[in-house]
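Asks: the sequence isn't on hand, but the structure is:
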Ligand SMILES: O=C[C@H](O)COP(=O)(O)O
């Protein structure tokens, strides 16, 4: 899978043009291609992807309750009813700027699964944690808290995105070996808790300064199943090149 996270970029007109251009550049993809778009564009991009085999649409966030007095929020039920396929949960920007922790993210994951929207669960360590050599401990705890009460059948619906925070939007990407080591660690954790079958079928994406010129090397690592792409997903030709690298 290659998922683009547009974050808070593009107007509806710009978003429609971007998605259309990517679809034209890529043609029929040999992998799943996901557009993670601003909420206001979900129905519009869904209308495009529903006619383009291999393309899907993702929300960038949702609320953990079904409905109620939560001004400004969107529920999993609404996403499902709008035909949204995936929802990005636990992105480091949600954790840092909106105070989301793994208890809250876990609640959101359960709601998304119950509604039939597949979570793309983001985890990853900050630079000081990596420098102290504690990255496996921190990411391990994130995985455990967010995912380790799910049933195996629920876990099969979850996509994991490992995004070292120090690589997001910085131009500094993890080396292919650093990405592989962490992905293998995450897959071992999934294996130990959910068993081999689930571990092998779980898609683990790498995110953090993925660009057309480093995608092939990163995606070439055995446990890297694709990417969650931020900045480079806003350029149609560049994003298409990343899709083709996979
Ligand atoms: O969700 C995507 C990540 O935050 C990566 O962003 P980036 O590719 O701009 O580093």
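Replies: Sure, I can see it. Keep in mind that this is a model prediction, so the values were computed, not measured. Residues are numbered from 1 along each chain as shown.
Asks: now the residue in the chain positioned nearest to the ligand: phi and psi?
Replies: Using CB to the nearest ligand atom, the closest approach of the chain to the ligand is made by residue 230 at 2.2 Å. (Each C-beta comes from the backbone N, C-alpha and C, glycine too.) Main-chain torsions, residue 230, degrees, to the nearest 10: phi -90, psi -100.
Asks: ok, and the closest non-adjacent residue to it?
Replies: Leaving aside its chain neighbours, residue 230 sits nearest to residue 5 (5.1 Å; criterion: CB to CB, 6 or more residues apart in numbering).
Asks: the one you found reaches residue 60, doesn't it?
Replies: Yes: in this structure, residue 5 is within contact of residue 60 by CB atoms under 8 Å, at 6.6 Å.
Asks: looking at the two, which one has more neighbours?
Replies: Higher neighbour count among residue 5 and residue 60: residue 5, with 26 against 20, using other CB atoms under 10 Å.
Asks: anything in contact with each of residue 5 and residue 60?
Replies: 36, 88, 91 (CB atoms under 8 Å, 6 or more residues apart in numbering).
Asks: show me where the protein has its strands.
Replies: Ranges of strands within the chain are 2-5, 33-36, 55-59, 86-89, 118-123, 159-162, 204-207, 227-229, based on DSSP state E.
Asks: do I have it right that the residue of the chain closest to the ligand meets residue 205?
Replies: No: the criterion here is CB under 8 Å, and residue 230 misses it with residue 205 at 12.0 Å.
Asks: more neighbours, those two?
Replies: A side-by-side neighbour count of residue 230 and residue 205, using other CB under 10 Å, places residue 205 first with 26 against 22.
Asks: next one: that one, what pLDDT does it get?
Replies: Reading off the confidence values, residue 205 has pLDDT 98.
Asks: about what we covered before: just the shared contacts of residue 5 and residue 60 now: which is nearest residue 112?
Replies: residue 88 (10.1 Å; CB to CB).
Asks: which strand residues bridge that closest one?
Replies: residue 120 (DSSP bridges).
Asks: contact partners for the residue of the chain closest to the ligand?
Replies: 4-5, 7, 168-169, 207.
Asks: switch to 7 Å and redo it
Replies: Neighbour list for residue 230: 5, 7, 168-169 [criterion: CB atoms under 7 Å, 6 or more residues apart in numbering].
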